[in-house]
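**Student:** need the 3D shape of this:
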Amino acid sequence: MAGAIVALPNDNQVSWKRRKTICEGPDYRDPVPGKPSALQQALMKFADRTSAYIINPAVGTEFDNCDEAYEYYNLYSWECGFGIRWGKKRWSEKKRKKCGLETKPYQLAQEFYCSCRGHPESNVKTCSSKTNCRAMLRLHRTADHGWIVKKHWPSHHHLDKFTKDLIRMLRENNIGITKLYSILGNFFGSMQNVPATKRCLKTVCQKINREQADNDIKKTLDLIRELRESDPGFAFSVDPDENGRIKTLLWTNSQSRMQYDHFGDVVSFDTTFKTNLYDMPFGLFVGVNNHFQTVLLGGVLMTDEKIDSFKWVFREFSSLMGGRQPKTILTDQCRAMEVAIAEEWPNTVHRWCKWHVLKRVRECVGQKYTSNKEFRDRFHIMLNEMLTIEEFETSWSILLKQYGLEKNAFLTQIYETRHKWVKSYFKGVFCARMTSTQRSESANHMLKNILSPSCPLHQFIQQYMKMQYIRDEEENYEERRNKLNSKKISTGGPLVVHAHRTYTLKVFSLFSQLKEESEFYRAIEIIPGEEYMAEHYDLTRVQHWCKGQYRVQVVHGGAEYMCECGLFEHFGLPCSHILRVMISNGVQKIPYSLILQRWTKSARHILPADLSQYKKDNPALLAQTYRHSSLMLKVLRFAEMGIAMCRVTP
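**Tutor:** Model (predicted):
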């Protein structure tokens, strides 16, 4: 039908713009004096057009009212040989109610359809029938209450393959619909040029989600196969249920296994993350490296958080890590997790996250905590700065008595479990300065930013590997930074110079803070060469519940130092009291017993005791993959065996 040509672009077509939705106003526009009507413009421009038709209902043609538009399109249909009829109208009834307007509903759009008739089929008894001609004219309102011809082509609501790929990648990284729509606006130059509405874009995203969820298990197995091909150290373990479905999935890779070999003495585990298609709790094993950065050790997806499930997780995790169990693990107050750790890792010290214990303190203590800054400051000093059990017990009783909180149920409850979370009770327990699962939660937050809520299993693992790559890049940057900043320093004394040469930059910064704190103490000799008292210079400035004197013992002529504060056992750096005694005795270097390998620049150069002679200047041990490191250790073992056989061979 000739009338369908109105849906095709021509030379006189103007670029279309989205109409601005309006809720009120007249249904017509007063004619502008001296401005020709649409019909007059069509007659004047006919000589310049190549079209055979005088009337030209092109996109962008404006009218003052619907009647004028009807007469204009009717003339065009008469020229082409078909008839028209009034079609659908779009009203602003909902917007009128939303805006609280008392006026009549405001018309937003008007359509005119073809009404031509053709010959009926043989089985149709009517004398005529519609021919389903798709010729149509759609009008939208303008800001000045006029009417304008708009595009309405189905192809304009379809996105090409490359745009869909862009949408898919953005959605995989948890970009919301509104932000995605804005990004497409920048991609196409302006919002008016985006070839889809926001509603259409939402439909496309829903279709992409359905496609990603199809055959999720097969896609997950294919992804694991690819990961194992690219990384032979990638390992996983599956715990199926009685129907053969995945109940728990645990995975790790070569980089994580190597990190565990170096920094697996302290592990944090948290399962509060549930952003995935199946609403499965996600558990994350993390540690801290020699640059005080968070390292990812493994991830696990679980269908439940029961004792048997946690027992399987801890058992399989240590199995994937070569059977080695951590010295300390930090978790939340989950009872099932506590029972599972006690059974599977009996030699591992279990401590609770301090933040989880105290997250209700604001609610349960009330205004004494929220409005009283003095109480709040003293409360946090008591929890974070007290080094000994004596200090904590004294300060706790004084603080509760002073503010009348002796019978507070919440404080009484957490006090009964103080040995699980109070820093003062961590003496002798190495925690790498971690007292909460904050590192696990920060990693979870980072993962949540790049995961959509309806993320399927294979995409979850894929995004996890991306996050691990980002963490590894940050660690590699710190490694290069430490190598470039290996200049010797000559200020601060011999101990500071030795510490700068030994520790990484971040750990050296913490050592320097302890060195500054030692300036407030003086060393008093009690037993010559064996026992000293580190006393604060001004005891009047020390809080009355805090200790101002700490006993330091020197063992084996200075080979070892022990302080009653227990900071070295908890953190792995000599405390300010030990440093004061060492400086007073003129010690030039930090004793080997006070240097923890995991905080040094050579933290990754670890060999078994029987192969320690190969430790220095061995570039092969700098390999960045678990496979290379393990192969090198095996080769060195064979070399040692060969040397031993040569010695016994006559």
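
**Student:** mind listing the strands for the stretch 201-350 of the chain?
**Tutor:** For the stretch 201-350 of the chain, the strands defined by DSSP state E, counting those that start in this stretch cover 235-240, 246-252, 266-273, 282-288, 294-302, 328-331, 349-352.

**Student:** which residues sit against the last one?
**Tutor:** Strand 349-352 is touched from outside by 327-333, 338, 341-342, 417, 420-421, 426, 429, 431, 435, with contacts defined as C-beta atoms under 8 Å, 6 or more residues apart in numbering. To be clear about C-beta, it is placed using only N, CA and C from the backbone, and glycine gets the same treatment.

**Student:** and if you look at the longest one?
**Tutor:** Contacts of strand 294-302 with the rest of the structure, by C-beta under 8 Å, 6+ apart, involve 247-252, 256, 259-260, 263-264, 267, 271, 276, 280-289, 309, 313, 317, 320-321, 439, 442-443, 457, 460-461, 464, 467-468, 471, 475.

**Student:** which neighbours does it have in its sheet, and in what orientation?
**Tutor:** Strand pairing for strand 294-302, using DSSP bridges, gives strand 246-252 (antiparallel), strand 282-288 (antiparallel).

**Student:** do the first one as well
**Tutor:** Each strand pairing with strand 235-240, determined using DSSP bridges, is listed with its direction: strand 246-252 (antiparallel).

**Student:** export the strand it pairs with to CSV, keeping only CA atoms.
**Tutor:** The C-alpha trace of strand 246-252 is given here as CSV (Å, rounded to 0.1, in the frame of the first residue of the first chain):
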residue,chain,number,x,y,z
ILE,A,246,25.8,-29.3,44.4
LYS,A,247,25.4,-28.6,48.1
THR,A,248,28.8,-26.9,48.7
LEU,A,249,31.4,-25.7,46.3
LEU,A,250,34.9,-24.7,47.4
TRP,A,251,37.7,-23.4,45.2
THR,A,252,41.1,-21.9,45.2
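
**Student:** please state the offset of it from the chain centre?
**Tutor:** 20 Å (C-alpha atoms, centre = their mean, to the nearest Å).

**Student:** now for the residue most central in space within the chain: which residues touch it?
**Tutor:** The centroid of the chain falls nearest to M446 when counting by C-alpha atoms, centre = their mean (1.6 Å). Neighbouring residues of M446 by C-beta under 8 Å, 6+ apart: 467, 470.

**Student:** work out for me the element it sits within.
**Tutor:** Under the criterion of DSSP states H and E, M446 resides in helix 438-449.

**Student:** check which residues of the helix or strand following that helix are buried.
**Tutor:** Going down the chain from helix 438-449, the next helix or strand is helix 457-484, by DSSP H and E. For helix 457-484, a neighbour-count test (16 or more other C-beta atoms under 10 Å) marks 457-465, 467-468, 471-472, 475, 478-479, 482 as buried.

**Student:** helix, strand, or coil at L514?
**Tutor:** Going by DSSP: H, G, I helix; E, B strand; the rest coil, the secondary structure assigned to L514 is helix.

**Student:** could you report the neighbour count for it?
**Tutor:** Per other C-beta atoms under 10 Å, the neighbour tally for L514 reads 18.

**Student:** how about the contacts made by it?
**Tutor:** By C-beta under 8 Å, 6+ apart, the neighbours of L514 are 573-576, 579.

**Student:** same check, this time on E517
**Tutor:** Taking C-beta under 8 Å, 6+ apart as the test, what E517 contacts is S576.
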